[in-house]
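**Student:** the following block contains a protein sequence and its predicted model.
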Amino acid sequence: MTTITTFIKRRPLLTYFALTFAISWGGILLVIGGPGGIPGTREQTEMLFPIALMVMLAGPSVVGILMTGLANGRAGVREFLSRLLRWLVFDQEANRLMNPIALDHVIIIQYKQERNGMTCDFIDQLSHQNIGG
């Protein structure tokens with residue numbers, strides 16, 4: 001085993017938090033301070049905010065899957081995917097109510113539409129659909 005693999009297997013929690021921090025904040029810095037530099041106007045900032053938010057929120061999920069592969073190999077990834085598939089197929093009600101990534105996207109879309117003067121209440125529609133109303 002290499003030194004990095006040994007470190008990851010000995011200290012998985014520390015590695016998880018370090019990688020999550022690096023991916024989340026590194027992604028934000030790339031989005032906001034990328035090739036065009038740090039935005040100076042309100043319009044530029046408002047345009048980049050939803051993208052930066054999605055990058056930041058994706059960090060823990062991406063690192064969780066990555067760490068599963070690094071710490072447990074192919075067998076760990078296979079077990080993770082089988083559990084995920086089982087959850088997605090057999091527990092659709094929980095999937096609809098508790099999918100945070102979809103909810104984040106809905107919130108961001110609604111935020112952008114309200115800023116542009118459109119009125120479309122996605123969250124109200126989802127809550128009525130989930131409750132059965």
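**Tutor:** Ah, there it is.

**Student:** so where's the longest helix in this structure?
**Tutor:** helix 42-90 (DSSP state H).

**Student:** mean confidence score for that one?
**Tutor:** The predicted model gives helix 42-90 an average pLDDT of 84.

**Student:** and what of stretch 22-31?
**Tutor:** For stretch 22-31, the per-residue pLDDT averages 86.

**Student:** contacting residues around that stretch?
**Tutor:** Contact with stretch 22-31 is made by 48, 51-52, 55-60, 62-63, as judged by CB atoms under 8 Å, 6 or more residues apart in numbering. In this view, the C-beta of every residue, glycine as well, is placed from N, C-alpha and C.

**Student:** what's the angle from whatever helix or strand Ser24 lives in to helix 42-90?
**Tutor:** Counting by DSSP states H and E, the element that carries Ser24 is helix 12-32. Counting by axes from the mean of the first three to the mean of the last three CA atoms, to 10 degrees, helix 12-32 lies at 140 degrees to helix 42-90.

**Student:** please point out which parts of helix 12-32 sit buried.
**Tutor:** Under the neighbour-count criterion of 16 or more other CB atoms under 10 Å, helix 12-32 has 15-16, 19-20, 23-24, 27-28, 31-32 buried.

**Student:** repeat for stretch 66-86
**Tutor:** Neighbour-count burial for stretch 66-86 [16+ other CB under 10 Å]: 66-68, 70.

**Student:** dump those to JSON lines, plus distance to Ile4.
**Tutor:** Output for those, formatted as JSON lines (distance: CB to CB, whole Å):
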{"residue": "Leu66", "distance to Ile4": "13"}
{"residue": "Met67", "distance to Ile4": "13"}
{"residue": "Thr68", "distance to Ile4": "16"}
{"residue": "Leu70", "distance to Ile4": "9"}
